[in-house]
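>>> okay, structure incoming, though there's no sequence with it:
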């Protein structure tokens, strides 16, 4: 089983690249943000103030446990995160082992224990202004957020945490892509990289 890590800042193009690769490899997908810690013990007002853009917000031990189970050929019950409620859904998603698994998220290349499991690693980046405009469009459409709240969160935690935690993990990537380019360029380049790496494994 080949695990492919796809990291990068918020709205740089990770999701678009992951969906393209999932169709063309083909591959199963495991989003890191499904592993945000459950916050049912906190009232909604406190959940909204949590910094979701630092690695401590992720239950990385469970993520690693699930990845090791999949590598060993065992299915897992992957968490589902409810972004509107800022906590985990009571439901899970059954995930079976596959030949390729794409691990996509801000911190896909952050933890050494998880990096050690990867066959290939990709970092996709884009300028802050591009990421911000994409995030405003996404969060208004998919997460019921106002533009003001998105901008406040971006300036308060998303952009500073990008500099502190996310951008440095580009150093661990075997391929770095420009997320401002169209998927018609990034997709084939990433696919060729993955196939070449995995043939050599």
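Arrived safely. Please read all numbers here as calculations on a predicted model, not as lab measurements. Numbering: from 1, shown residues only.

>>> buried ones in the longest helix seen in the chain?
In the chain, with assignment by DSSP state H, the single longest helix is helix 183-200. For helix 183-200, a neighbour-count test (16 or more other C-beta atoms under 10 Å) marks 186, 187, 190, 193, 194, 197 as buried. Every C-beta, even on glycine, is put in place using the N, C-alpha and C of the backbone.

>>> from what I can see the last one touches residue 190, true?
This means residue 197. No. Look at residue 197 against residue 190 with C-beta atoms under 8 Å: they stay out of range, at 10.6 Å.

>>> helices and strands around the longest helix of the chain, which ones?
Applying 3 or more C-beta pairs under 8 Å, 6 or more residues apart in numbering; DSSP states H and E, one finds that helix 183-200 contacts strand 2-7, helix 14-24, strand 120-125, strand 175-178.

>>> turn these into JSON lines, columns for distance to residue 52.
Below are these laid out as JSON lines (distance: least, C-beta to C-beta, whole Å):
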{"stretch": "strand 2-7", "distance to residue 52": "16"}
{"stretch": "helix 14-24", "distance to residue 52": "15"}
{"stretch": "strand 120-125", "distance to residue 52": "20"}
{"stretch": "strand 175-178", "distance to residue 52": "24"}
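
>>> circling back: identify the residues contacting the longest helix of the chain?
The contact list for helix 183-200 (C-beta atoms under 8 Å, 6 or more residues apart in numbering) reads 2, 4, 13, 16-17, 20-21, 24-25, 100, 119-120, 122, 124, 174-175, 177-179.

>>> now do that helix, average pLDDT.
Average pLDDT, helix 183-200: 94.

>>> go on, stretch 35-49?
Stretch 35-49 comes out at a mean pLDDT of 86.

>>> the helices in this protein, which residues?
Ranges of helices in the chain, per DSSP H, are 14-24, 44-47, 60-71, 112-115, 128-142, 147-153, 159-161, 183-200.

>>> show me the shaky parts of this protein.
201 (pLDDT under 70).

>>> spatially central residue in it, please.
Nearest to the mean C-alpha position of the chain, by C-alpha atoms, centre = their mean, lies residue 105 at 1.1 Å.

>>> chain neighbours aside, what residue packs nearest to that residue?
Closest residue in space to residue 105, ignoring its immediate chain neighbours: residue 32 at 2.6 Å, by C-beta to C-beta, 6 or more residues apart in numbering.

>>> next, format the helices of the chain as CSV and append distance to residue 94.
Shown next, in CSV, are the helices of the chain (distance: least, C-beta to C-beta, whole Å):
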stretch, distance to residue 94
helix 14-24, 17
helix 44-47, 27
helix 60-71, 12
helix 112-115, 21
helix 128-142, 23
helix 147-153, 32
helix 159-161, 32
helix 183-200, 25
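
>>> possible to save the helices and strands packed on helix 183-200 as CSV with mean neighbour count?
Output for these, formatted as CSV (neighbours: other C-beta atoms under 10 Å):
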stretch, mean neighbour count
strand 2-7, 25
helix 14-24, 19
strand 120-125, 25
strand 175-178, 17
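
>>> neighbours of residue 68, just the number please.
Residue 68 has 14 neighbours, counted by other C-beta atoms under 10 Å.
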